[in-house]
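Undergrad: Coordinates only, no sequence provided:
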C-alpha cells in the first residue's frame, strides 16, 4: 500500500505564523468535549508527609515516557528531592510533594505501565544503562 505524502503537506509546517490557520482548518466543525467528561482535580494534601529514604516511582524528566524507581533524598518545605535509584545525580530533581510526576511504589504494576529497572552505577566502570533505550541520557 502506498501513502500519499501530499496529505502531510496540508498539516502544520512548524511556522508559528501558520498555526492560527492550521487550528482554524483543523478545528472547523469540531465539537468541544462537555465539562462532564472531565474529573475535578483532587485537592492537595494539607501537609508534606514525605521523609528521606522513602521509595516511589517517578517520571524521568529527561525522558518523560519513562517511569523509574526512585528514593526521596531530601525534604524541604513543600518540596522533595527525587533521586533515581542506581543513577548519577544528573537525573535527580526537586518537585512539589503533590507533583503529578511521582507515584507510590506499585503504581506502574497497577496501571500496567512499564517500570524501568534501576540503573547500575559502578564507580569503577561508570554508569551502565538498563533502560529500554539501551543508553543513559
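TA: Arrived safely. Predicted model, so just to flag it, every value in this text is computed and none were measured.
Undergrad: is it fair to say residue 20 lies in a strand?
TA: No: looking at residue 20 with DSSP: H, G, I helix; E, B strand; the rest coil, it is helix, so not inside a strand.
Undergrad: Can you get me a residue count around it?
TA: Other residues within reach of residue 20, judged by other C-beta atoms under 10 Å, total 9. C-betas here are computed from N, CA, C, even on glycine.
Undergrad: Could you check how far it is from residue 27?
TA: 11 Å (C-beta to C-beta, to the nearest Å).
Undergrad: okay but residue 107 is in contact with residue 113, surely?
TA: Yes: between residue 107 and residue 113 there is a contact under C-beta atoms under 8 Å: 7.5 Å.
Undergrad: The longest strand along the chain: what's the following helix or strand?
TA: When the chain is parsed with DSSP state E, its longest strand is strand 63-76. Note on strand 63-76: by DSSP states H and E, the next helix or strand toward the C-terminus is strand 79-84.
Undergrad: Report all helices and strands that that following strand contacts.
TA: On a contact count with 3 or more C-beta pairs under 8 Å, 6 or more residues apart in numbering; DSSP states H and E, strand 79-84 meets strand 55-60, strand 63-76, strand 93-96.
Undergrad: what about 6 Å?
TA: With contacts defined as 3 or more C-beta pairs under 6 Å, 6 or more residues apart in numbering; DSSP states H and E, strand 79-84 has these neighbours: strand 63-76, strand 93-96.
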